[in-house]
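Asker: Take this sequence and fold it.
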Amino acid sequence: MRISSLTSLALLGTVYALPTLILPWFGHIQLDSFLGGLSYSRLDGEKTIYQILKEDENFSRLVKAIDMSERVVELLDDPTQSITFFAVPNSALPGHGRRHHKGDHACHARPINDLERLIPQVEELDYLSDFDDKEKRKECLARFVRGVLAYHILPEKYTAAQLQKNSTYATNLTLKDGSFDHQPLRISVQSGLVLPKLTINFYSGVTRRDIEASNGVIHVISKPLLPPPSIFQAAFLFPETFSYVTSAIQRVHLTGALDRRYVPGEDDTRGSFHGATSTTFFAPTSFAFQRLPKKLQLFLFSPFGERALRKLLEFHIIPDFVLFSDYTHNATSEDSAMTDLTSDLQAAQYHPSLAEFPVASLDDSMVKHPRKKHIPLPKPTYEYNLTLPTLLTNHSVHVSVTRYEYKLPLHGGLHFFTRFRVNGVEVIPFDVPARNGALQVIRTLLNPCRHHHCRHRRHDHDHDHDHDHDHEHEHLMEDEVDTSWDDWEEWLPQWALEN
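Answerer: Residues are numbered from 1 along each chain as shown. Next up is the predicted model:
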């Protein structure tokens, strides 16, 4: 790393033009933008998290929700704890002071997991009389609020710098219905490669960080965290990105392999959840389908190609296994609590103390296509490879994850980014948390004949050059057709008919 065009940063209190950093992989970065990303807070560390929030009027609405649950209050006010709490200020909660219809409340058959809807209903209790089933509604709301707030709590203390080291973290929320195989639901942390910016679950920014408390640390966020929906429902929320694959999933009746849905009971009785409990889905974007040859697109979404479409989608689904870049869980294994990727990875090369050097996510918008410039990346801190069986019988995918770290001048601390690939295809964005597993996004449809011998393929040499094909995707421009499917007519229809 080197600094060019350096002028004085400050002279007797007068600030001059800030320098420009020229960094490998990132290009030119203005330091005024860089330093502007720093926003730290230090408060009285002798007070508990609950006491700090209770005394700050900016969190009065959040505290009102916290007070609904004695268990949450006890945890946040326990001086023996060492936890992390993501706090939502009043400004991030709409509808303050607005009264709601009495019939519009959370105590219906369908659970509510949104603080933006729950807190106004908690405030509505102040306007109800004892004849309006106030206690019943209070008990019901307290149950929902307790679950949602648990997703805002990490059982260990993590400063902002520590949060950047990992890509995902376990929360205090474990679902009793079997979702995620009774493991704690996770949040995903995105940190800028250059700017020290933190985002949680891709949508909630950390606006104030490191508010120290006697029992942990508070990070203020711009939006409440939503306990994530199922993999299928998460994809369904983004039609511009996943309309092709969600339509395809429904067309071939694979919804049950990716969804975890609530089914209300009869006569307004309590319902239950049905569907996949632990799954990983390498979700091809709509653009991945649009890059296929036009004739193949028409075939897959026609009655004649339905079986081929189903098998291709099954090849993207890892059943009973949750894979994040820094965490795995095998629901079929008795010894399934493997969280640091140091177990059963004979092919892995990693730092002797992997837990101290976890993985952070890659913000691809910050990278000026390093592979096209052939700029060497820093030496990996660790890398590992996995082969995972898919829902498609006798077909597996090969996953590789490499973690890098680098140190910026001036700011000082270590920063991390990860390269995540499946069958040579880059996964980005990665580590999207779901109620029943992980959603990993890919922009190229995985070709099952790349890593499995298809005896119907005419080109015998293709199998010998799988390694070259793995890297071929990296150089495809967004307006190019995926040429790896050019010979699909020679093998795909017959392959679809095989058992």
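Asker: For the helix or strand harbouring residue 419, C-alpha coordinates in CSV please.
Answerer: Using DSSP states H and E, residue 419 falls within strand 414-422. The C-alpha coordinates for strand 414-422 follow below in CSV (Å, rounded to 0.1, in the frame of the first residue of the first chain):
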residue,chain,number,x,y,z
LEU,A,414,-7.3,-5.6,10.4
HIS,A,415,-9.9,-6.0,7.7
PHE,A,416,-11.2,-9.2,6.1
PHE,A,417,-12.8,-10.4,2.9
THR,A,418,-13.8,-13.7,1.6
ARG,A,419,-13.9,-15.5,-1.8
PHE,A,420,-16.6,-18.1,-1.9
ARG,A,421,-17.1,-20.4,-4.9
VAL,A,422,-19.2,-23.4,-5.7
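Asker: Show me what it is packed against.
Answerer: strand 396-407, strand 437-442 (3 or more CB pairs under 8 Å, 6 or more residues apart in numbering; DSSP states H and E). Where C-beta positions appear, they are placed from N, C-alpha and C, glycine not excepted.
Asker: mind redoing it with 6 Å?
Answerer: Applying 3 or more CB pairs under 6 Å, 6 or more residues apart in numbering; DSSP states H and E, we find strand 414-422 packed against strand 396-407.
Asker: hmm, who's touching the strand it packs on?
Answerer: Residues outside strand 396-407 that contact it (CB atoms under 6 Å, 6 or more residues apart in numbering): 325, 359, 377-378, 380-390, 414-423.
Asker: do the same with stretch 212-223
Answerer: For stretch 212-223, contacts defined as CB under 6 Å, 6+ apart pick out 42, 45-46, 48-49, 52, 78-79, 81-87, 92, 157, 203-209, 211.
Asker: May I have the distance across it, first residue to last?
Answerer: The first and last residues of stretch 212-223 sit 21 Å apart, counting by CA to CA, to the nearest Å.
Asker: do the same with stretch 267-276
Answerer: 26 Å.
Asker: now that stretch: how far from the chain's centre is it?
Answerer: 26 Å (CA atoms, centre = their mean, to the nearest Å).
Asker: same check, this time on stretch 149-168
Answerer: With CA atoms, centre = their mean, you get 13 Å for stretch 149-168.
Asker: same deal with stretch 273-281?
Answerer: In this view, stretch 273-281 has its centroid 16 Å away from the chain centroid, taken as CA atoms, centre = their mean.
Asker: again, but for stretch 235-243
Answerer: For stretch 235-243, the distance to the chain centre is 15 Å (CA atoms, centre = their mean).
Asker: what about it, average pLDDT?
Answerer: Over the span of stretch 235-243, the pLDDT mean works out to 94.
Asker: coming back round to it: which ChimeraX command selects the buried ones in the contacts of strand 396-407?
Answerer: Entered in ChimeraX, the line below selects the buried ones among those, by 16 or more other CB atoms under 10 Å:
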select :325,359,380,381,382,383,384,386,388,390,415,416,417,418,419,420,421,422,423
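Asker: ok now do residue 159, which residues does it touch?
Answerer: residue 210.
Asker: give me that answer again for 10 Å
Answerer: Contact analysis of residue 159 by CB atoms under 10 Å, 6 or more residues apart in numbering lists 40, 84, 209-210, 212, 217, 219.
Asker: taking those one by one, which sit in helices?
Answerer: Using DSSP state H, no member of the contacts of residue 159 falls in helices.
Asker: Among those, which has the minimum pLDDT value?
Answerer: Lowest confidence among the contacts of residue 159: residue 40, with 54.
Asker: which ones are touching the residue most central in space within the chain?
Answerer: By CA atoms, centre = their mean, the chain has its centre lying nearest to residue 432, at 2.4 Å. Applying CB under 10 Å, 6+ apart, we find residue 432 in contact with 168, 188, 201-202, 228, 231, 234-235, 238, 281, 283, 324, 438-441.
Asker: Can you tell me which of those residues is closest to residue 314?
Answerer: Each of the contacts of residue 432 was checked against residue 314 using CB to CB; the closest is residue 281, at 10.8 Å.
Asker: show me where pLDDT drops low in the stretch 151-300 of the chain?
Answerer: 193-196 (pLDDT under 70).
Asker: just the strands in it please.
Answerer: 153-154, 168-170, 186-191, 198-200, 204-213, 216-221, 260-263, 272-275, 279-284 (DSSP state E, counting those that start in this stretch).
Asker: want to try CSV for those strands, with mean neighbour count and distance to residue 394 as columns?
Answerer: Shown next, in CSV, are these (neighbours: other CB atoms under 10 Å; distance: least, CB to CB, whole Å):
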stretch, mean neighbour count, distance to residue 394
strand 153-154, 20, 40
strand 168-170, 21, 30
strand 186-191, 24, 31
strand 198-200, 20, 39
strand 204-213, 19, 41
strand 216-221, 23, 45
strand 260-263, 17, 27
strand 272-275, 16, 25
strand 279-284, 27, 18
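Asker: Buried only: go through the contacts of residue 432 for me.
Answerer: Among the contacts of residue 432, those classed as buried by neighbour count (16+ other CB under 10 Å) are 168, 188, 201, 228, 231, 234-235, 281, 283, 324, 438-441.
Asker: Between all of these, which two are separated the most?
Answerer: Farthest pair in these, by CB to CB: 168 and 235, 18.4 Å.
Asker: how about the CA coordinates for the longest helix that the chain contains, as CSV?
Answerer: Ranked by number of residues, the top helix in the chain under DSSP H is helix 134-150. What follows is helix 134-150 as a C-alpha-only set of coordinates in CSV (Å, rounded to 0.1, in the frame of the first residue of the first chain):
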residue,chain,number,x,y,z
LYS,A,134,-55.9,-6.2,27.9
GLU,A,135,-54.0,-8.8,30.0
LYS,A,136,-54.5,-11.5,27.3
ARG,A,137,-53.2,-9.2,24.6
LYS,A,138,-50.3,-8.1,26.8
GLU,A,139,-49.3,-11.8,27.4
CYS,A,140,-49.5,-12.5,23.7
LEU,A,141,-47.5,-9.4,22.7
ALA,A,142,-44.8,-10.2,25.3
ARG,A,143,-44.3,-13.6,23.8
PHE,A,144,-43.7,-12.1,20.3
VAL,A,145,-41.6,-9.2,21.5
ARG,A,146,-39.4,-11.6,23.5
GLY,A,147,-38.6,-13.7,20.4
VAL,A,148,-37.9,-10.6,18.2
LEU,A,149,-35.7,-9.0,20.8
ALA,A,150,-33.7,-12.3,21.2
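Asker: Could you pull out the buried residues of stretch 303-310?
Answerer: 305-306, 308-310.
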